[in-house]
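Asker: prediction below, plus the sequence it came from.
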Protein chains: 2
Amino acid sequence: MPRPTPVAPVGPVHPGPTARTALRPATAGITAGFWHTRREVNARTSIPQGPALLESAGNLHNLRLAAGTAEGEFVGAYPFVDTDVYKWLEAASWQLAQGPEEDLTAHVDRIIGLVAAAQQPDGYLNTWFQLREKGKRYEDLRWGHELYCAGHLIQAAVAHHRATGRGELLDVARRFADHLDTVFGLPDSGKPLDGIDGHPEVETALVELYRETGERRYLDLAEYFVDRHGHGLLGGEAYCQDRVPVREAENVEGHAVRQLYLLAAAADLATETGDAELRSAAERLWHAMTTTKTHVTGGLGAHHDEEDFGDPYELPNERAYCETCAAIASIQWSWRMALLTGEAHYSDLIERTLFNGFLAGVSLDGERWLYVNPLQVRDGHTDPGGDQSARRTNWFRCACCPPNVMRLLASLEHYLASSDDEGLQIHQYVSGSYSGAGGTVRCETDYPWHGTIALTVEEVPDDRPWTLSLRIPQWCREFRVRCEEQTYDHTDALVTTNGWLRLTRTWAPGDQVVLELGLEPRLIAADPRVDAVRGCVAIERGPLVHCLEGVDHPGGGLDDIVLDLTRPLAVKHRPDLLGGVTTVVAAGHRRRIPDAGWWPYVPATDATDSAQSDGDPIELTAVPYYAWANRDDGSMRVWLPTS
Amino acid sequence: MPRPTPVAPVGPVHPGPTARTALRPATAGITAGFWHTRREVNARTSIPQGPALLESAGNLHNLRLAAGTAEGEFVGAYPFVDTDVYKWLEAASWQLAQGPEEDLTAHVDRIIGLVAAAQQPDGYLNTWFQLREKGKRYEDLRWGHELYCAGHLIQAAVAHHRATGRGELLDVARRFADHLDTVFGLPDSGKPLDGIDGHPEVETALVELYRETGERRYLDLAEYFVDRHGHGLLGGEAYCQDRVPVREAENVEGHAVRQLYLLAAAADLATETGDAELRSAAERLWHAMTTTKTHVTGGLGAHHDEEDFGDPYELPNERAYCETCAAIASIQWSWRMALLTGEAHYSDLIERTLFNGFLAGVSLDGERWLYVNPLQVRDGHTDPGGDQSARRTNWFRCACCPPNVMRLLASLEHYLASSDDEGLQIHQYVSGSYSGAGGTVRCETDYPWHGTIALTVEEVPDDRPWTLSLRIPQWCREFRVRCEEQTYDHTDALVTTNGWLRLTRTWAPGDQVVLELGLEPRLIAADPRVDAVRGCVAIERGPLVHCLEGVDHPGGGLDDIVLDLTRPLAVKHRPDLLGGVTTVVAAGHRRRIPDAGWWPYVPATDATDSAQSDGDPIELTAVPYYAWANRDDGSMRVWLPTS
């Protein structure tokens, strides 16, 4: 199959030629700095570990069994184990887009061969149902994950095709998609099954497959799947996004990752078809989610039970679920919304999520993972172990998160900048090079440790004026920008519009813009309806949410610590600590708690009396949340009581 | 088998003749008042519904299948469905102890017949493993619940024997226990299996069977099972009480009901054997539980996931699990501790749990149930349905709670009073008659609505002086007692010792004691380490925890309500409301919440500014927590923000 003409850079979101997006992804490359380091760890440690982990966990064995080239039993507890392979293939493909790597190419080719060999003649592919639950194809759509697996296969195939120009995996994906298109459709379509998958994912993948192949059937099938959610085909549960149609929903609900993948597909469809109702629903739901159901880290999902969004303002700390995959899905959805609408707040959430709720999911050494990302671990925590542990582990029984982290980091440059007819938009500040219709700009920065961002125009195609747009982060209250001879700051009226600082001129190579974002540490309070953090503040600096760890506060735990609001915060650069971080130092004390006997609830007047007796002063060291749980297993907290 | 000579009243805890308890249960009968009404509903509505519900849910069908007297498939999703039958039989038996009832006796006899017919020749009985998982006996002790089922069968049998003097069910139970005794033992015992059940229950049942039959083997087997927990026989999980031996544990952990049933057995063993180490462990664990892991309602269990105790001070509101069965298990354990030690605080917790965390589990009409008992339902709550719903339902897929409520209510009189050589102890204030070694005392009271408790001596065997001990509740700060010509109150030094007010004299029939407990409503605050309720108070009056319900506060929800600490609380008797309750009325306001845009976290200084702007004043009506969810489905909260 000939490779289609690229209409956008080689990246994971690739709006079609007629897509109605406000913005298009820019071509980008990360060259240095904070995210470069994290991506190097991903490229040198995390991704290379994949093949061995997939081998030892049995995923590759299952593919060989399905192909008839090995003997034994199916290994794995879930019907979606194949997706670990697909997500790793996607990560490896994006990595290969950075440049050829012989070893990695060999692993990718070998594993694609296993996948292709396991596919059934009619295009179906799912080792669980080919081996363990033979003959039960599509009998349990609520839990079977067959279309979910297809979706990840398709995404991997699109990535491999875009990154390498090769079609082996895309052929497999198309055969599976063509098969699905013969099976699923409305009752009057003449197709045998009117159904949806309990775990959305195939929807957004099918849109990408349409984009990559130009085959309209895939887009139509995606639209069918999106719109059949919420009609009770799976029993009507919120968990599998079947309680209410996307177009009618008023808030995000049910299983967080399921909801977010579905909404990414809604954004994709609105992008490709111009469906205003779907766009409006996606905008409404994004706003409801951020306003009422998002943790300060950008983490999503309040319940361990069912991995569920909770009720509005139900945002617990120690039981925050905040699955790493949900953070990734949130970034994927928000990026689609950013491109579709051109609005900056979507990239505000992406920034917050990237630096906090997402990045905490992988250890600094790239070898250990968190599936859930709590905002507090108590003194005396008894860890139950397992996937939902608050302790990092090397791999999971349900290993969805690690390869998901790998694929996002390997494709990160595609979430940073965009372009339109007017020019180039810089959404995130990462040292690298960004090209749009107007030209190419180089960014140099030590962000998030320092607030100086230097942008240099490198190439311009002609002397027409264009606009360089810089996102002023939502958290930023003070900034200054120097554009050649002129200087503006946050006190200048109309410098920014909806979060964008727009600099329009006839740019020439060598032109410089220097943006200075104020990084004074700040104390943050929540909407009073967030009961879990009443009377508490969080420490932030720039895009980073900070936390206390027990290991930095010897001589006691964290449960009795109080932050003193009246004393200033200080900043301390610590190149020695956690790979080099900037800490925020606050003043506080350890509360003296009188012995109430066996019952911890006392008349409020007694409690007020005892609150007056402050305890020993203590210096509080707040490290960036993303770096927690990289030293001792111990207590941690983001939200700090103030009285 | 001859009926053994009773050594204590016909009740569920029956220390043996050589037991080393400080106190013995008193003979008691409830005649009027609050609990009489609840027991009448239990006797007239809840218990009579049992046979039809057990029939429609398939439990009786399974017994017939196992007996070979019916055809069809096993019905039910869990291996412990038989216990619904046993717990109902236990409830019905305690009910029959109140007096003969022809219909109920017929149902009991019929169902005992089904149970007896289902038993296998070797004594084994479990319909799941006899029908659905044939041949897998004891292969999955972690999840099989075979010994758990045996335990409930034994408890039902003991109750039936004590209540009716008949031995049909006791014979079944003994055959099963004898069988277990041939199967389970230490590796050097020569018995085939060294194992424990994933759900403790058989341990406390076996102690009662020993007490009822005098057969020492049952006590030894109970001790073996208790002590084999915590040695990794089930993989070492806290969930099934296998992480640490009871004797070494420092705090309660794992699945709440499992933990509490095991600790009831530990108390039973310490009672019967005088095992000081076990007694000390039980005392330590009770203290750790109440100090760090008990909700203000007496509810236990912080996690939906695994129905688990959380970490110390992890006591969420909307996600409080507080399973109704855990409240019952807590009462059962605490009563054993009260008898063992003679200490009043165990009955303090029983009172709190009875009136709040337990009683909320059943609707006022006795027809609808709550499995979980949250302390908050938010505005905009999306209920997932199912057993863990915050909405009452008629029966559960896992129907452990309803018959558990029935058996506790039917045997409630046995948790109210005790006696020892010195006299009679009144633990709970319920209108009725209580007899100990010293004599018989009649109690008349409209408690908890009014604080006056009139006690009249009815019979005394001789003119030796004895002590009438009255528990002064832990929540009570002001009281007065008139004992014939003398009056004492809380300002008199040494009137009470460790919660007991002891009145010693030569009592004569007609002697009167009138205790007046101050029932001024009060505001309660939690230990500051209970993060979930920081900046909040709860309203209590007497033993009752109160809550707000949305239905009483039209024109808005409960999430924006603030209680005004500076205004007094008022009391309003409402005979029209919820079967007649006393409400507490407080002053508050609806918070004005400024629109923060799409992100609910703002600089703390902004938050403080907006907190100054109070909103519309509102009268807050707090109803007793036990009566919540008996009107509209809506929001509810126990803990109320104060700023």
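Answerer: On my side now, so go ahead.

Asker: ok, A:G361 to A:S46 distance?
Answerer: Going from A:G361 to A:S46 by C-beta to C-beta, to the nearest Å gives 11 Å. C-beta coordinates here come from the backbone N, C-alpha and C atoms, glycine included.

Asker: same thing with A:G438?
Answerer: A:G438 is 35 Å from A:S46, by C-beta to C-beta.

Asker: buried sites along stretch A:395-406?
Answerer: Buried residues in stretch A:395-406, defined by neighbour count with 16 or more other C-beta atoms under 10 Å in any protein chain shown: A:395-396, A:398-406.

Asker: end-to-end on that stretch?
Answerer: Stretch A:395-406 has an end-to-end distance of 13 Å (C-alpha to C-alpha, to the nearest Å).

Asker: which residues touch that stretch?
Answerer: A:42, A:46-47, A:50, A:53, A:57, A:77-78, A:80-81, A:83-84, A:87-88, A:90-91, A:257, A:323-325, A:328, A:358, A:361-362, A:369-371, A:386-387 (C-beta atoms under 8 Å, 6 or more residues apart in numbering or on different chains).

Asker: apply 6 Å and report the result again.
Answerer: A:42, A:46-47, A:53, A:77-78, A:84, A:87-88, A:91, A:324-325, A:328, A:361-362, A:369, A:371, A:387 (C-beta atoms under 6 Å, 6 or more residues apart in numbering or on different chains).

Asker: and stretch A:98-110, by the same measure?
Answerer: Contacts of stretch A:98-110 (C-beta under 6 Å, 6+ apart): A:51, A:92.

Asker: please export the C-alpha coordinates of it as CSV.
Answerer: Provided in CSV are the C-alpha atoms of stretch A:98-110 (Å, rounded to 0.1, in the frame of the first residue of the first chain):
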residue,chain,number,x,y,z
GLN,A,98,13.4,10.0,16.2
GLY,A,99,15.9,8.2,14.1
PRO,A,100,16.9,4.6,13.2
GLU,A,101,17.9,2.2,15.9
GLU,A,102,19.0,-1.2,14.7
ASP,A,103,18.1,-3.2,17.9
LEU,A,104,14.8,-1.6,18.4
THR,A,105,13.8,-2.1,14.7
ALA,A,106,14.7,-5.7,15.0
HIS,A,107,12.5,-6.1,18.1
VAL,A,108,9.6,-4.2,16.4
ASP,A,109,9.9,-6.3,13.3
ARG,A,110,9.9,-9.5,15.2
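
Asker: buried ones in that stretch?
Answerer: A:98, A:101, A:104, A:107-108.

Asker: could you do stretch A:226-242 as well?
Answerer: By 16+ other C-beta under 10 Å, the buried positions in stretch A:226-242 come out as A:226-230, A:233-234, A:237-242.

Asker: and which of the buried residues of stretch A:98-110 is nearest A:G423?
Answerer: Closest to A:G423 out of the buried residues of stretch A:98-110 is A:Q98 (26.0 Å), distances taken as C-beta to C-beta.

Asker: nearest to chain B within the stretch 351-500 of chain A, name that residue for me.
Answerer: Per C-beta to the nearest C-beta, A:R378 is where the stretch 351-500 of chain A lies closest to chain B, at 4.2 Å.

Asker: circling back to that earlier point, out of the contacts of stretch A:395-406, which sit inside helices?
Answerer: Applying DSSP state H to the contacts of stretch A:395-406, the entries found in helices are A:47, A:53, A:84, A:87-88, A:91, A:324-325, A:328.

Asker: follow-up on the earlier one: and the residue of the stretch 351-500 of chain A closest to chain B, what pLDDT?
Answerer: A:R378 is assigned 96 on the pLDDT scale.

Asker: correct me, but it touches B:D311?
Answerer: Yes: using C-beta atoms under 6 Å as the test, A:R378 is close enough to B:D311 to be in contact (4.2 Å).

Asker: sketch out the low-pLDDT regions of chain A for me.
Answerer: For chain A, the stretches flagged by pLDDT under 70 are A:1-8, A:493-494, A:608-613.

Asker: which one's the longest strand in it?
Answerer: In chain A, with assignment by DSSP state E, the single longest strand is strand A:581-590.

Asker: identify the residues contacting the very next helix or strand once past that one?
Answerer: Next helix or strand after strand A:581-590 toward the C-terminus (DSSP states H and E): strand A:601-603. With C-beta under 6 Å, 6+ apart as the test, strand A:601-603 has contacts from A:596, B:296, B:522, B:524, B:526.

Asker: who does the helix or strand where A:G29 lies pair up with?
Answerer: According to DSSP H and E, A:G29 maps onto strand A:27-30. Partner strands and pairing direction for strand A:27-30 (DSSP bridges) are strand A:432-435 (antiparallel).

Asker: export the ones in helices among the contacts of stretch A:395-406 as a markdown table, with columns for neighbour count and distance to A:Y488.
Answerer: Listed next are those as a markdown table, based on neighbours: other C-beta atoms under 10 Å in any protein chain shown; distance: C-beta to C-beta, whole Å:
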| residue | neighbour count | distance to A:Y488 |
| --- | --- | --- |
| A:I47 | 25 | 42 |
| A:L53 | 18 | 50 |
| A:D84 | 27 | 49 |
| A:K87 | 28 | 43 |
| A:W88 | 29 | 46 |
| A:A91 | 27 | 40 |
| A:T324 | 26 | 38 |
| A:C325 | 26 | 40 |
| A:I328 | 26 | 35 |
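
Asker: just flag the most distant two among these.
Answerer: A:L53 and A:I328 (18.4 Å).

Asker: who in the stretch 201-350 of chain A is up against chain B?
Answerer: Contact residues (C-beta under 6 Å from any C-beta of the partner chain) of the stretch 201-350 of chain A with chain B: A:253, A:287, A:290-291, A:296, A:304-305, A:311-312, A:314, A:318, A:345.

Asker: from those residues, keep the buried residues only.
Answerer: A:253, A:290-291, A:296, A:304-305, A:311-312, A:314, A:318, A:345.

Asker: tell me which entries of those residues lie within helices.
Answerer: Filtering those for helices - DSSP H - leaves A:290-291, A:345.

Asker: does the residue lying closest to A:G580 once chain neighbours are set aside have beta-bridge partners, and which?
Answerer: Counting by C-beta to C-beta, 6 or more residues apart in numbering or on different chains, A:R574 is the residue found nearest to A:G580 once chain neighbours are left out, at 7.2 Å. Following DSSP bridges, A:R574 is listed with bridge partners A:V581.

Asker: A:V584 is in contact with A:R574, correct?
Answerer: No: A:R574 is beyond contact range of A:V584, at 10.7 Å (criterion: C-beta under 6 Å).

Asker: show me which of the two is the more surrounded one.
Answerer: A:V584 (21 against 13; other C-beta atoms under 10 Å in any protein chain shown).

Asker: let me know whether that one touches A:P521 as I believe.
Answerer: Yes: applying C-beta under 6 Å, one finds A:V584 in contact with A:P521, separated by 4.4 Å.

Asker: between those two, what contacts are shared?
Answerer: A:541, A:569.

Asker: more neighbours, A:G438 and A:S46?
Answerer: When A:G438 and A:S46 are compared for neighbours, A:S46 comes out ahead with 27 against 24, by other C-beta under 10 Å.

Asker: state the number of residues packed around the nearest residue to that one once chain neighbours are set aside.
Answerer: Nearest non-adjacent residue to A:S46, counting by C-beta to C-beta, 6+ apart: A:G366, 4.2 Å away. When neighbours are counted by other C-beta under 10 Å, A:G366 registers 23.

Asker: looking at it, A:G366 is touching A:I47, isn't it?
Answerer: No: using C-beta under 6 Å, A:G366 is not in contact with A:I47, being 8.8 Å away.

Asker: burial measure for the closest residue in space to A:G123 that isn't next to it in sequence, as a count.
Answerer: In this structure, A:G123 finds its nearest non-sequential neighbour in A:H179, 3.2 Å apart by C-beta to C-beta, 6+ apart. Residues within reach of A:H179, counting by other C-beta under 10 Å, total 18.
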